[in-house]
Structures are given as structure tokens and as C-alpha cells.
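Novice: sequence? don't have it. structure:
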Ligand SMILES: Nc1nc2c(ncn2[C@@H]2O[C@H](COP(=O)(O)OP(=O)(O)OP(=O)(O)O)[C@@H](O)[C@H]2O)c(=O)[nH]1
């Protein structure tokens, strides 16, 4: 539970807002019902029920986008309903809602929702004792929304940028090892559920250090970016390419069984040998390939592909070695 809260920002916000809304509104609902103000009391109870259901939905389905939207609409709709019933004191409830919408949905949508709520409230006669009050409310509510928008927009773009920095390799623009770990875990879970075969390839350029030493680091970098372009052109859109380390790359091939892996790899090896070049000639690569075994862990899958790659290097480089079933030493090379 704490792990989910720590790793899912929107879920933690939904939970926090849900709890504070329920504990903040409950006393008012009880007092209103106690005092015989049945209408306002029942609206408060319905808001609490709606908010609790959104939190429950977020936890049980993991769909925090939809539940965030639901929570934002319930909170704004509830504030409007309360101001309509109890008049001016109800207006105060809209202010926290105007801020929290920005935590629940994307900044643009939150801005639209806020504007609609402010306009809707301005049309409720009972909510204002004078025109000056109405316009004071409108001006302050728009100011609060604008400040929250600027903050949320900045926060949103910083989070996007951080995610990019954390998951993308800056030289080649493909996903890095951190993203790979996530994708491999997803693939293993999907294979378990659907039975889809997956092939994993570790590709390592041969004698890459010599290219750097002889022609300079910038030529080495160019070879790496050319390789990625070649891989992208010669794999399916559903395949994933990751930079595993310096001159090592991982390919995750969904729906590729042992027989098709051999065809795919033979063609990739030929393309690289023919098209990947440095100023002094062609560049080759060695490959370790492993099919995901039934119930196999990601660590074991990677380790088998890595041992296969090691065998490919040991047997002379520019080779493809296929790992056998988990628990057995690999073999079969090309
Ligand atoms: N240009 C460039 N070089 C890199 C980068 N990352 C790692 N390297 C270099 O890649 C080289 C890898 O050398 P080795 O591990 O000895 O591998 P190798 O020379 O390809 O030898 P084998 O793999 O055994 O065929 C090292 O010289 C690293 O400095 C990078 O981003 N750009």
C-alpha cells in the first residue's frame, strides 16, 4: 500500500484529498442533519459518498486518470450545490476545489472546469447578497485559479522533463536501462497472462574500443547513433530497443518464438554487417538471444541472454548464440 502511494503521485493526491474531504465535510453533514437542514445534510452526504467511491475506484482499478476527473467534478459540483442551498457561506467551499482540480486533472482541463464552476455559481442568485459580492467572488476565484494554473503547469512540465531525463539515453534518444527493467517486467507479466512468446536479444558491437581509439570518440558516437537508426528501421513498431550500457543494446521482441527469432536475427546481423560503417570499414556485432521461459524471472532471462552473448564473443564475435531453455546451458550459434 505504501509502495503504491510512494510511486503513484496522482493516487497519493487522490487519497489525501479524499481523506481530507471526507473528514472535513462529515462534521458539517452531521450538524446540518442534526439541525434539521435535511437538504444540505443530504447533499454533504452524497458528496462524501461520491468522493469515497472515486478513491475506492482509484485503488481498485489503478485508473487514477478517470477517478481524478470524477473527484474534480464531484468536488466542484458539490461546492456549487452547497452554495445554491446554503447561500454565501457555501462559496468558501469552492476555493479549495479550485486549487485541488489542478492536482487531479491536467492543467488545461482543470482551468476549464474551474471557469465553468465560477460561471455556474455566478448564475445562482441566492449565493450572493449583492452584485459587488458576486464580482468580488469572481475576481478572487479567477485569481486563485490562475495562480494554481501557473504552478500546476510548471510542475507538470518539470515532471515530464524529469521522466524524460530518467528514462531516455541522451546520445541515441532511445530508452535506457531503467526503462528496460520496467518493460521486461511488463513483458514477463503479459507472457504469463497471455502466453505470448517473447525473445530478448543483447547486442554488443565488436572491437568498439578500437574505433574510439583510432578515430576518436565522436566517430564512436556516430557509429552508436547509426546502429540505433539501423535497428529502428529493421525491427517492428511493437519491438523495443534499449541502450543497456556503453556499446551494448537490448532488443525486446514480442510475439517472436524460437523459429522466427532465428530468421529475425540472421537478417539483423546481415544488415549491420553490410550497412554499419566506420571510416576504416564495416562494424560487426555479437548477439545473445533468449526466449522467455514459462514462469521464468526477468533476472534469469537476462542472465541467459548475457551468457549467450558471452559465448558469441568467445567463439570469435560477429556471431548469434541462442540460449537454450532456462536451467540448461545454451547452445546453437550462427
Ligand atoms: N564513443 C563512445 N564510446 C563509448 C560510449 N560508451 C562506452 N564507450 C566505449 O566503448 C568501449 C567498449 O570497450 P570494450 O568493453 O573493451 O568492448 P569492445 O572494444 O567492443 O570489445 P568486445 O566487446 O570484446 O568486442 C570503451 O572504450 C568505452 O569507452 C559512448 O557513449 N560513446
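Specialist: Received it, and whenever you're ready, just let me know what you need. All figures in this text were calculated on a predicted structure; none of them were measured in a lab.
Novice: What pLDDT does the model give the residue nearest to residue 198 when sequence neighbours are not counted?
Specialist: Spatially, and ignoring its direct neighbours in sequence, residue 198 is nearest to residue 292 (4.4 Å; Cβ to Cβ, 6 or more residues apart in numbering). Using the backbone N, CA and C atoms, a C-beta is placed for each residue, glycine as well. pLDDT, residue 292: 96.
Novice: Can you tell me how far residue 292 is from the ligand?
Specialist: 25 Å (Cβ to the nearest ligand atom, to the nearest Å).
Novice: quick one: that residue and residue 191 touch, right?
Specialist: Yes: counting by Cβ atoms under 8 Å, residue 292 does reach residue 191; the two are 5.4 Å apart.
Novice: Can you pull the residues that touch both of those two?
Specialist: 197, 198 (Cβ atoms under 8 Å, 6 or more residues apart in numbering).
Novice: So these two - more neighbours on which side?
Specialist: When residue 292 is set against residue 191 and neighbours are counted by other Cβ atoms under 10 Å, the residue ahead is residue 292, at 26 against 20.
Novice: This protein against the ligand: which residues are in contact?
Specialist: Neighbours of the ligand within the chain, by Cβ under 6 Å from any ligand atom: 171, 204-209, 212, 217, 220-221, 224, 246-247, 313, 317.
Novice: of those, buried ones?
Specialist: Buried by 16 or more other Cβ atoms under 10 Å: 204, 205, 206, 208, 212, 220, 224, 247, out of those.
Novice: and the gap between residue 323 and the ligand?
Specialist: 18 Å.
Novice: Could I get the phi/psi values of that residue?
Specialist: phi -70, psi 150 (degrees, to the nearest 10).
Novice: Which ones among the residues of the chain next to the ligand map onto strands?
Specialist: 204, 205 (DSSP state E).
Novice: the domain parsing of this structure - what is it?
Specialist: The record's domain parsing of the chain by automatic domain parsing lists 2-167, 177-322.
Novice: quick one: which of these has the weakest pLDDT on average?
Specialist: domain 2-167 (a mean of 90).
Novice: For the ligand, give me its nearest residue in the stretch 51-200 of the chain.
Specialist: residue 171 (5.3 Å; Cβ to the nearest ligand atom).
Novice: That residue reaches residue 221, doesn't it?
Specialist: Yes: with contacts counted by Cβ under 8 Å, residue 171 reaches residue 221, the gap being 6.1 Å.
Novice: which stretches of the stretch 51-200 of the chain form strands?
Specialist: Remark: strands assigned in the stretch 51-200 of the chain by DSSP state E, counting those that start in this stretch are 198-205.
Novice: can you give me the helices in it?
Specialist: 64-86, 94-104, 107-122, 131-167, 177-194 (DSSP state H, counting those that start in this stretch).
Novice: In terms of secondary structure, what does the longest one contact?
Specialist: The helices and strands touching helix 131-167, judged by 3 or more Cβ pairs under 8 Å, 6 or more residues apart in numbering; DSSP states H and E, are helix 94-104, helix 107-122, helix 177-194.
Novice: list the buried ones in that helix?
Specialist: Quick answer for helix 131-167 (16+ other Cβ under 10 Å): 134, 137, 141, 144, 145, 148, 149, 152, 153, 167.
Novice: ok and that helix relative to helix 94-104, angle-wise?
Specialist: Orientation check (axes from the mean of the first three to the mean of the last three Cα atoms, to 10 degrees): helix 131-167 against helix 94-104 gives 20 degrees.
Novice: and if you look at the third one?
Specialist: Going by the same axes, to 10 degrees, helix 107-122 is angled at 160 degrees with respect to helix 94-104.
Novice: Contacts for helix 107-122, please.
Specialist: 69, 72-73, 76, 79-80, 83, 91, 94, 97-98, 101-102, 104-105, 127-128, 134, 137-138, 141-142, 145, 148-149, 152-153, 156.
Novice: Same check on the last one?
Specialist: Surrounding helix 177-194, the residues in contact under the criterion Cβ under 8 Å, 6+ apart are 166-168, 175, 196-198, 200, 240, 242-245, 250, 252, 254, 292, 295-298, 301-302.
Novice: I'd like to know which of those are buried.
Specialist: Among those, those scoring as buried are 167-168, 175, 197-198, 200, 240, 242-244, 250, 252, 254, 292, 296, 298, 301-302 (criterion: 16+ other Cβ under 10 Å).
Novice: hmm, back to that, phi and psi next, for the residue of the stretch 51-200 of the chain closest to the ligand.
Specialist: The phi/psi pair for residue 171 (degrees, to the nearest 10) is phi -70, psi -50.
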